[in-house]
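Peer 1: A predicted structure for the sequence below; I have some questions about it.
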Amino acid sequence: MDIMEVDMEAEMDISDDEDVQVPGRNLQVSSSSVRAVDASGAPLDRKEALKQKIAADKYDTDAWTQLIMEVQSGPVDLARPIYEEFLKVFPTAGRYWKFYAEHEIQSGNFDNAEKVFMQSLPSCPNIDLWKSYIKYIMDFKSKLPGQRETVLKAFDFAVAHVGMDISATSLWTDYIGYVRAERTNTQLEESQKMDLLRKLYQRAIEIPMHNVETIWREYDQFENGLNKQLAKALMNEHAPRYMGARSTFRERKNYIEGLSRNALARPPRGLQKEMHQVRLWKRLIDYEKKNPQRLDPEALRERVTFTYNQCLMCLYHYPEIWHQSAQFQLECGYPDQCEKTYQRALLAQPESLLLSFQYCDFLELNGKVEEARTIYNRMLEQQPESLVFVQFLRFSRRVDGVQGARKAFFKARKSPKCTYHVYVASAMIEYYMNKDEAVARNILELGSKKFGNDMAFVMQYIDFLFHRNEENDMRVLFEKVLTTLPRDQAGEIWNMFLKFETLTGTLETTTRVQKRRAQAYPDTDPSGIFGVVQQYRFLDLWPCSQADLASFRMDSRRDADARPEEETAPRSRTGKKAAPSANTAHITMPDLKQMVPYKAEQIGVVGPVGMAVALSPVLSAFMTSLPLPHVWDGPLVDTERLLQIIHDSPLERNPPPSVTPGAPGAQGRPAEGRKGKGAKNAGEESDGEDEDGNERAGPGMKRGGSSDIYKQRMMKKIKLQQTGQ
């Protein structure tokens, strides 16, 4: 098999919803889809046309994959720049790292291939990439003398990183097969070989993966071939773990189905298929955290960490997943791993203010103030936005005191991108934290000279006048209210308490209140991402985009105080009006001019084929007299209740007395209680009987006698039976 051929198992990992073409497939790509011309109107080369599409949108996955298909069959020297540029945009595309390395191997550039592997393997737990690496080791290293340790280290390296993947069966069987095939010269070497094989089998049978039953049978044969008595004891010891792995495999397979594990990582666009993938990944992560295999804490941490790393290959540009992954390491007691996760997150999303602020807080809480300051200074240089200034003011006040915050404000004022938010934030710091109302008033007065026509600033200035410095009493009040109010009514109080602590307290007290609120409402914000957003947002400035917020809401309720659409005019973090979100920008409004107006005079009932059925004159007259729905403002009748009352009401056994025509109260109605078939009023004709033998009323007339048709029919049926007897 050619080393560039794509195996069928890898092909099956691609979701039908993903519009990505994979190099190695026999695809017929129409050249018209990328037809382009240069400035003079001359047709461009196919590669140049694809490059122009990529220049217009660097995340155009269709153009990228077509371009790689164009170059992968040519010289690697021409393809190498394309691979490198592609992998800068999609650094977690494990399958394309595999294509790159195999192209170098095919060209005999083994040193370059090893560099590609070493560059990609640590950050891409893609099983196809690791299998390709092992294949390279087996094909070109295992046959060399003195390379046994190198091969064993490569296998250990692979199973340590992706050995728990559900598709890692061939990796384990290759490892076991390589050790089994080794030749030994002494009894000691043979004993060491058997011990290594036993350890490998015992590790493999505990992993939920495809065809684990085959490895279990091989292990059974292996142990029985050595010592049947010992084999029985060992098999009984490891059978529960093997059975647990089989059971977990069946469950995990259901959670993995539907995941596009080879999808190229793109920033969120708000598409339904993207949101569906986010939901599936979150569901899998939640499943792993429940510890279905009942692993020990360290093994569980490794299992969940592996799942997060696989998820981040696809959701590389989703801040929530990075936040969850870092917080998971912190909860497990691994702050070093948490820090590394934040560092990786900022490499993936250097412009994410949300992740940057969270990392700075982590560093500050762990005593690394200067490192946090370095990150803030970098943000001020690269992203001199209002929200960055606001968070830096708060940071400076916490670590440098009053003068530090004032110096930071003085520096922020000089920035051309400084908005009224910075003035309001500085005034709040002076009023709440420095207890200096006079300075706060001066800052707001200074801001009014620059933003006096900005209604949002004016409203903040007015709101400031209603504040008082009574922190202790406020805390006592918050605690008292939260202990007395029911949980379903205390949500807004928790939000106010958190806002109060953010303004007046320390980072530690703010974090404690945030955790208490999360414990009070565990289902409202399971991942904690909305709490983080709420902590760093300021007025209508948000630390993340609308698309990010949409991705956060997949499996969580909306936090009532963390929704930018509640604002009259959402602003970006620069203070400018935000563009419509991706969820609504593509919606086309209907043409209202084409709508048919409702005509009240057309009274009828829609029949089974959509045609109107005419009602009787009496019902038509009645329905025409009813008011139209849009003009009726009176009480509404519960029709179900009305019908139930009518149904339950007792009916009169005797018909009402007849009314003589012309008598008072007759009002022109026919005499009631007539039994004669041809009875008539003066000057009126009888319409005869209907098909059931009942009298029919003439036009505009009401039928006499009892109004209970069912009773009339029953009476007639009884008469017929009596007549028949």
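Peer 2: Cool, got the structure.

Peer 1: C-alpha from now on. contacts and neighbour counts both.
Peer 2: Noted.

Peer 1: average pLDDT across the one helix or strand residue 134 maps to?
Peer 2: Assigned by DSSP states H and E, residue 134 belongs to helix 127-140. Averaged over helix 127-140, pLDDT sits at 93.

Peer 1: just the strands in the protein please.
Peer 2: 605-606, 612-613 (DSSP state E).

Peer 1: for residue 327, what are its contacts?
Peer 2: The contact partners of residue 327, by CA atoms under 8 Å, 6 or more residues apart in numbering, come to residue 338.

Peer 1: can you list the weak-confidence ranges in the stretch 101-250 of the chain?
Peer 2: Across the stretch 101-250 of the chain, nothing is flagged by pLDDT under 70.

Peer 1: just the helices in it please.
Peer 2: 110-120, 127-140, 148-162, 169-181, 187-204, 212-226, 228-256 (DSSP state H, counting those that start in this stretch).

Peer 1: in the shortest one, what's buried?
Peer 2: Neighbour-count burial for helix 110-120, with 16 or more other CA atoms under 10 Å as criterion, is recorded at 110, 113, 114, 116, 117, 120.

Peer 1: pretty sure residue 94 is one of the things the last one touches, is it not?
Peer 2: Read it as residue 120. Yes - assessed by CA atoms under 8 Å, residue 120 is found in contact with residue 94 at 7.5 Å.

Peer 1: can you spell out which helices and strands pack onto the helix holding residue 134?
Peer 2: helix 94-106, helix 148-162 (3 or more CA pairs under 8 Å, 6 or more residues apart in numbering; DSSP states H and E).

Peer 1: export those helices to a markdown table and append columns for distance to residue 125 and mean neighbour count.
Peer 2: Output for those, formatted as a markdown table (distance: least, CA to CA, whole Å; neighbours: other CA atoms under 10 Å):
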| stretch | distance to residue 125 | mean neighbour count |
| --- | --- | --- |
| helix 94-106 | 8 | 24 |
| helix 148-162 | 6 | 17 |
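
Peer 1: these: which one's closest to residue 244?
Peer 2: helix 148-162 (19.7 Å; CA to CA).

Peer 1: show me the contact partners of the closest one.
Peer 2: 122, 125-127, 130, 134, 137-138, 141-142, 168, 171-172, 175, 306.

Peer 1: tabulate the helices and strands packed on helix 127-140 (CSV), appending distance to residue 49.
Peer 2: Conversion of the helices and strands packed on helix 127-140 to CSV gives the following (distance: least, CA to CA, whole Å):
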stretch, distance to residue 49
helix 94-106, 21
helix 148-162, 38
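
Peer 1: residue 204 is nearest to which of those?
Peer 2: Comparing the helices and strands packed on helix 127-140 by CA to CA, helix 148-162 comes nearest, at 9.6 Å.

Peer 1: just the angle for that closest one relative to helix 169-181, thanks.
Peer 2: For helix 148-162 against helix 169-181, the angle by axes from the mean of the first three to the mean of the last three CA atoms, to 10 degrees is 160 degrees.

Peer 1: returning to what we had before: just put the buried residues of helix 110-120 in JSON lines and tack on distance to residue 507.
Peer 2: Shown next, in JSON lines, are the buried residues of helix 110-120 (distance: CA to CA, whole Å):
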{"residue": "110", "distance to residue 507": "52"}
{"residue": "113", "distance to residue 507": "48"}
{"residue": "114", "distance to residue 507": "46"}
{"residue": "116", "distance to residue 507": "43"}
{"residue": "117", "distance to residue 507": "43"}
{"residue": "120", "distance to residue 507": "38"}
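
Peer 1: tell me the one of those nearest residue 349?
Peer 2: Nearest member of the buried residues of helix 110-120 to residue 349, counting by CA to CA, is residue 120, at 18.3 Å.

Peer 1: which residues touch that closest one?
Peer 2: 92, 94, 97.

Peer 1: what's the closest of these to residue 316?
Peer 2: Once CA to CA is applied, the member of the contacts of residue 120 that ends up nearest residue 316 is residue 92, at 7.6 Å.

Peer 1: which residues of the stretch 401-550 of the chain fall in helices?
Peer 2: According to DSSP H, counting those that start in this stretch, the helices that the stretch 401-550 of the chain contains are 420-428, 437-451, 455-464, 471-484, 491-504, 507-520, 529-536, 546-552.

Peer 1: and these, which is most packed in?
Peer 2: Among the helices of the stretch 401-550 of the chain, ranked by average contacts under mean count of other CA atoms under 10 Å, first place goes to helix 420-428 (a mean of 23).

Peer 1: touching that helix from outside, list them.
Peer 2: Helix 420-428 is contacted from outside by 386-387, 389-390, 393, 405-406, 409, 412-413, 439-441, 443-444, 447, 451, 457, 460-461, 503, 538-539, using CA under 8 Å, 6+ apart.
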